[in-house]
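# Can you look at this prediction? I've put the sequence above it.
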Amino acid sequence: MQCFGNAAAHLRPGGYFVIELNVPKLRSMPLGEDVYPFDVTPEHLGFERYDFMNQRSVSHHYWFNGNQNSRFDSHHRYVWPSELDLMAMLAGMTLQQRWQDWDRTPFTGESQKHVSVWQLPA
C-alpha cells in the first residue's frame, strides 16, 4: 500500500503509475503441493516454494558450474491484480489498462504476468 501512496504523491494530476509483475503460478500446482520447479537444467535448478496462508514465496536458485556451485534465495510477497487495484484505489488512482506484456497482448486468466497502468485523476 505504501508503494502506491508514494507513487501517487509523486505524480502530477493526470499522471500514470505503471508496473510489471508476475502472476503466481498457483493454478499449475498439484493439490497438496507447495513447490513449483520453474527451471531445471544441468546448469541451474530453480524452484518456488509457496506459503499460501501468508501470500509469500521464496525463489530458490542453485547454479552448477564444475566445482563452483552457488545458491541464492529471493523472498517475495505475491499479490493478485485485484489487490493492486484496491491499493491504487486507496491511493486515489484508477486502473486504466492491464496487458499481459509490453506488446499490449490482452490480459487473460491464463496470463503469467501483467503490465498494469493506473492514473491519478486530472
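The structure has been received and is ready for your questions. What you see is a predicted model, and the numbers here were worked out from it, not measured in a lab. Numbering: from 1, shown residues only.

# Please name every helix or strand in contact with the lowest-mean-pLDDT helix or strand in the chain.
Least confident helix or strand of the chain, by mean pLDDT, DSSP states H and E, is strand 35-40 with a mean of 91. Applying 3 or more Cβ pairs under 8 Å, 6 or more residues apart in numbering; DSSP states H and E, we find strand 35-40 packed against strand 44-51. Quick note: C-beta positions are derived from backbone N, CA and C, even for glycine.

# which neighbours does the helix or strand just after the strand it packs on have in its sheet, and in what orientation?
Downstream of strand 44-51, the first helix or strand assigned by DSSP states H and E is strand 56-65. Here strand 56-65 is paired, per DSSP bridges, with strand 44-51 (antiparallel), strand 68-77 (antiparallel).

# ok so, going back, next, the angle from the least confident helix or strand of the chain to strand 44-51.
Strand 35-40 runs at 160 degrees relative to strand 44-51, counting by axes from the mean of the first three to the mean of the last three Cα atoms, to 10 degrees.

# Please identify the pairing partners of strand 35-40 and their relative orientation?
Sheet pairing for strand 35-40, using DSSP bridges, gives strand 44-51 (antiparallel).

# Check which residues of the partner strand are buried.
Buried residues in strand 44-51, counting neighbours by 16 or more other Cβ atoms under 10 Å, are found at 45-46, 48, 50.

# quick one: which of these is nearest residue 5?
residue 50 (27.4 Å; Cβ to Cβ).

# Just the pLDDT at the closest one, thanks.
pLDDT recorded at residue 50 is 93.

# what about it, distance to residue 84?
19 Å (Cβ to Cβ, to the nearest Å).
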